[in-house]
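A.B. asks: output the structure for:
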Amino acid sequence: MRYSLRQMQIFREVAAHLSYTRAAEALNLTQPATFAQVRQLEDHLGQKLIDRLGKSLSLTQAGEIVLKSAQRLIEETENLDMALAELQGLAKGRLRLAVVSTAKYDIPAHIGAYNTEFPGIEIALTVGNREELLSRFASNADDL
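C.D. replies: This is a model prediction of the structure:
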């Protein structure tokens, strides 16, 4: 394989935010590291995945194709992790939650209680406005 799953994860995050900076923040990486990983992925694939026009980014046609595959690959690896954990009797995996900004005050207490009961479940919380969340739901980016 000429590219890594991590590069696909990083590319998916950049595509979701259409921003290297916001993707880097979400991934706890630096912006240059995020940019470098996407550049390496483009080099390995031999295709430009992201176009830059001024300060705005957009996916190329190849980028759209790679994004769909990246989403499927990442989902499959998450399913594999959960299936293997189930064989061991463990509750393990990732729960992706998306909430509107007003819920960000109430949800941490619920997440804390859930995390106490199911410590093997990693919870990813996205806070956004209505349009952002509808877009995320349409792309199946969140579980709930």
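A.B. asks: where are the low-confidence patches of the protein?
C.D. replies: 1, 89-92 (pLDDT under 70).
A.B. asks: the strands in it, which residues?
C.D. replies: Applying DSSP state E to the chain gives strands spanning 50-53, 56-59, 93-100, 121-128.
A.B. asks: just give the strands next to the first one in its sheet, each with its orientation.
C.D. replies: Strand pairing for strand 50-53, determined by DSSP bridges: strand 56-59 (antiparallel).
A.B. asks: measure Gln47 to Pro32 for me?
C.D. replies: Per C-beta to C-beta, to the nearest Å, Gln47 is found 22 Å from Pro32. The way it works is simple: take the backbone N, C-alpha and C, and place the C-beta from them, glycine included.
A.B. asks: so which of these two has more stuff around it?
C.D. replies: A count of neighbours by other C-beta atoms under 10 Å puts Gln47 above the other of Gln47 and Pro32, at 14 against 10.
A.B. asks: what's the distance between the residue nearest to that one when sequence neighbours are not counted and Ile50?
C.D. replies: Nearest non-adjacent residue to Gln47, counting by C-beta to C-beta, 6 or more residues apart in numbering: Ala62, 3.9 Å away. Applying C-beta to C-beta, the value for Ala62 to Ile50 is 10 Å.
A.B. asks: residues contacting the spatially most central residue of the chain?
C.D. replies: Taking C-alpha atoms, centre = their mean, the centroid of the chain lies closest to Glu13, which sits 4.8 Å from it. Contacts for Glu13 were tallied using C-beta atoms under 8 Å, 6 or more residues apart in numbering; they are 23, 26-27, 34.
A.B. asks: can you list the domain ranges for the chain.
C.D. replies: 1-86, 91-144 (automatic domain parsing).
A.B. asks: highest average neighbour count across those domains?
C.D. replies: Highest mean neighbour count among the domains of the chain (mean count of other C-beta atoms under 10 Å): domain 1-86, with a mean of 15.
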